[in-house]
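Asker: Fold the following and give me the result.
(chains A and B)
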There are 2 protein chains.
Amino acid sequence: MPLFEVTAEHRGSEARLGVLHTPHGDVKTPAFVAVATRGTVKALSPDDLLSLGIQVLIGNTYHLYLRPGAETVGALGGLHGFFGWAGPWMTDSGGFQVFSLGAGKVHGVGKIAPIFPGDTRPRAAGGSLVRLTEEGVHFRSVVDGAWVFFSPEEVIRAQRLLGADIILPLDECTSPFHDRAYTEAAMERTHRWAERALRAFEETRGLGPNPGQALFGIVQGGAYEDLRRRSARVIAGMNFSGFAIGGSLGRSKEDMLRVIEWTVGELPKERPRHLLGIGTVEDIVEAVRRGVDAFDCAAPTRMARNGTLLSGQEEGFRLNIKGARFRRDGRPIEEGCDCPTCRRHSRAFLHHLLRSGELSYFRLATLHNLRFMARLMAAIRARIALGKELSLEGVMGDLRG
Amino acid sequence: MPLFEVTAEHRGSEARLGVLHTPHGDVKTPAFVAVATRGTVKALSPDDLLSLGIQVLIGNTYHLYLRPGAETVGALGGLHGFFGWAGPWMTDSGGFQVFSLGAGKVHGVGKIAPIFPGDTRPRAAGGSLVRLTEEGVHFRSVVDGAWVFFSPEEVIRAQRLLGADIILPLDECTSPFHDRAYTEAAMERTHRWAERALRAFEETRGLGPNPGQALFGIVQGGAYEDLRRRSARVIAGMNFSGFAIGGSLGRSKEDMLRVIEWTVGELPKERPRHLLGIGTVEDIVEAVRRGVDAFDCAAPTRMARNGTLLSGQEEGFRLNIKGARFRRDGRPIEEGCDCPTCRRHSRAFLHHLLRSGELSYFRLATLHNLRFMARLMAAIRARIALGKELSLEGVMGDLRG
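Answerer: A predicted model of the protein is given here:
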């Protein structure tokens, strides 16, 4: 069976329905991939995730390499055995940490950053925890401060031991503040690393607990059209099972959508496309329209922990449960939501838990936000299947029932 | 139906089997009451508790009074409605905070404290957050530093609004470092407060969401035999539905067991006896032998959060999951344990979660420790029913299967 099947194409957009066939089960696309950086979705257990309709998790090679170590995870059955989530897993390569602990830290920015006239970066206080060479990346460990070295080959070996179903090659995620020359040089290096990763992937066949792993390629090129198109063509020309869109996405949401259009335009239709580290409700709907099949983003779970709960019934699709107006509000977070939190608990209760610093808050809030993401993706898939317009208003109307 | 029925007496000890009939369900005794200070067991949801065999929770009037407020809880259906635990509830009165924020803080001690020759208390740096008068207690709020006043009457009114099934009168929990004269004066005041609480309980009938509430009396008297016996007789002579053993329990476990014997010796057999704030596995077995029917203690849940997991198979009935020896230990916390954590996860996984500061650790660890307490109490009840010896070794042997 091929890894990916496109089962339907949307009328009126580049969106499509598909199925990812992994050794640990199928994933219906478009899909939201829940972030499990250290092998576990923060505050939830694997049983919780099953009950939410979450299909697939993404762990992080950098963090798991430092603790508990790829060897340890491998010895205990890989991510599937060690962490108790027996469904599909992805792992990111550490390429995002090249950015978040390096240029992103020095520049004080994320992957999308507005740049105003006179803005002079680098400006942030933080120094880089990263040293890049042609050979690979030297990282300062966030656990104990020691330097560790990630080569494209070592990152593949580690991911063989971790055993995720879909893995990614080491890349360099550039910053919106990198100029064209740097972005191009970094992209070329990422392409050379991609070839080394593919060779290492072949050479490590048989290593680790999951012989059916698939390797996706990562497209770079920043927010420069010619670079993005060139990177997409180069990576599409290699023997990857699917593609991820990485790197800087420019100065605005509009830049991001253009980057997606350029990239998707150069990728083969029959292989899956994953947008790394995005996004919000609005981003996801717009990216699906442009042909993206999967997303991972820490925002829904991180927002939950900070008090921001998702709802199709609120302005901006969210409410902050810390607000005093919820102190005696006996309604659920979102009327009609079928998550375990909304079925049992009031806004007043969650408000009290968060204000009191009660640990149970984090789980109940995370359950809701991830269930919201699962419902959002199901509504998007239904609209694609029915040939309905893929607009934010339409999807939200479906969620409100 | 009476509140309490003794259904069997143990051969060879003062232990008995019983049933507490509350408006929100029955509680089989001897029972462990899970601590839900702010209305929720830390890190768990009500659904979690149901799955563990936990029968009854205890909230704290002082903490709930400050946040979210008794009126707020009352307006949202009382503890049962607001917190989603529809089973039996108890509430403590704030009397323990008279100690923990007052003399206990100044003396730097708990309810049991060894006193060595030359030990000169008060010695701790912390000043008292409590001012006691005949009228009641002025507390410094731990939430915002404001002074709040608790009279015996106000504490009953607040507990009417909170709506627990079993409530307690305001008392003064004394310190092991209080002398006999102080302990006696405090005890006499607690007796006067008990009478005021009983009057207030009658005068507030109809207030709050739970008309079937029962009021227990609290026995004081420190570790002085004559005071304890006198307090038990005085409190037993009042119209309380059951009894709690409060206050200082002396300098050692032996002192504590003597205090229990003196107190239980003066209490009527047909009413239930609750030992406040105790205990460990060892304490519970010994106190049950001496006729105690119920216990509440924060230790099992607090220990879980600190990495100490209960097991009948370990020395001291516990292991510290932080230990490096668990890094690659694929076994469950306790072989044969039927809790959700042991059924799915390894020691290595829990070790990783705790070392990584992952929030899901706290829930998985708490689930195990509370299930251990529920299994412990079930094993104790089975031994009483079968007329087997109530020894620590015997009970632990039963737990090991």
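Asker: near chain B, which residues of chain A show up?
Answerer: Contact residues, chain A versus chain B (C-beta under 8 Å from any C-beta of the partner chain): A:38-47, A:67-68, A:72, A:75-76, A:82-84, A:305, A:327-328, A:330, A:340, A:344-346, A:348-349, A:351-353, A:355-356, A:358-360, A:362-364. Just so you know, the C-beta spots here come from the backbone N, C-alpha and C atoms, and that holds for glycine as well.
Asker: Now that you've got those, can you turn the buried subset into something I can paste into ChimeraX?
Answerer: Remark: buried members of the residues of chain A next to chain B, expressed as a ChimeraX selection using 16 or more other C-beta atoms under 10 Å in any protein chain shown:
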select /A:38,39,40,41,42,43,44,45,46,67,68,72,75,76,82,83,84,305,327,328,340,345,346,348,349,351,352,353,355,356,358,359,360,362,363,364
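Asker: Of the residues of chain A next to chain B, which belong to helices?
Answerer: In this view, those that belong to helices under DSSP state H are A:46-47, A:72, A:75, A:82-83, A:305, A:340, A:344, A:348-349, A:351-353, A:355, A:360, A:362-364.
Asker: export stretch A:106-118 as PDB, just CAs?
Answerer: Extracted in PDB, the C-alpha atoms of stretch A:106-118 (Å, rounded to 0.1, in the frame of the first residue of the first chain):
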ATOM      1  CA  VAL A 106      19.300  36.200  18.800                       C
ATOM      2  CA  HIS A 107      16.800  38.000  16.600                       C
ATOM      3  CA  GLY A 108      14.000  37.700  19.200                       C
ATOM      4  CA  VAL A 109      11.500  36.500  16.700                       C
ATOM      5  CA  GLY A 110       9.300  33.600  15.600                       C
ATOM      6  CA  LYS A 111       8.900  32.100  12.100                       C
ATOM      7  CA  ILE A 112       6.700  34.900  11.000                       C
ATOM      8  CA  ALA A 113       7.800  38.400  12.100                       C
ATOM      9  CA  PRO A 114       6.700  41.900  11.000                       C
ATOM     10  CA  ILE A 115       9.700  44.000  10.100                       C
ATOM     11  CA  PHE A 116       9.300  47.800  10.300                       C
ATOM     12  CA  PRO A 117      11.500  50.400   8.700                       C
ATOM     13  CA  GLY A 118      14.500  51.100  10.900                       C
END
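Asker: Please identify the buried residues of it?
Answerer: Buried-residue list, stretch A:106-118, by 16+ other C-beta under 10 Å: A:106-109, A:111-113.
Asker: Among those residues, find me the one that's closest to residue B:396.
Answerer: residue A:111 (55.6 Å; C-beta to C-beta).
Asker: May I see the buried residues of stretch A:106-118 organised as TSV, with secondary structure and pLDDT added?
Answerer: What follows is the buried residues of stretch A:106-118, written out as TSV (DSSP: H, G, I helix; E, B strand; the rest coil; pLDDT from 0 to 100):
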residue	secondary structure	pLDDT
A:106	helix	84
A:107	helix	84
A:108	coil	81
A:109	coil	83
A:111	coil	85
A:112	coil	85
A:113	coil	80
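Asker: who's in contact with the residue of chain A most remote from its centre?
Answerer: The centre of chain A is farthest from one residue, residue A:328, which by C-alpha atoms, centre = their mean lies 36.0 Å away. Contacts for residue A:328 were tallied using C-beta atoms under 8 Å, 6 or more residues apart in numbering or on different chains; they are A:348, B:72, B:75-76.
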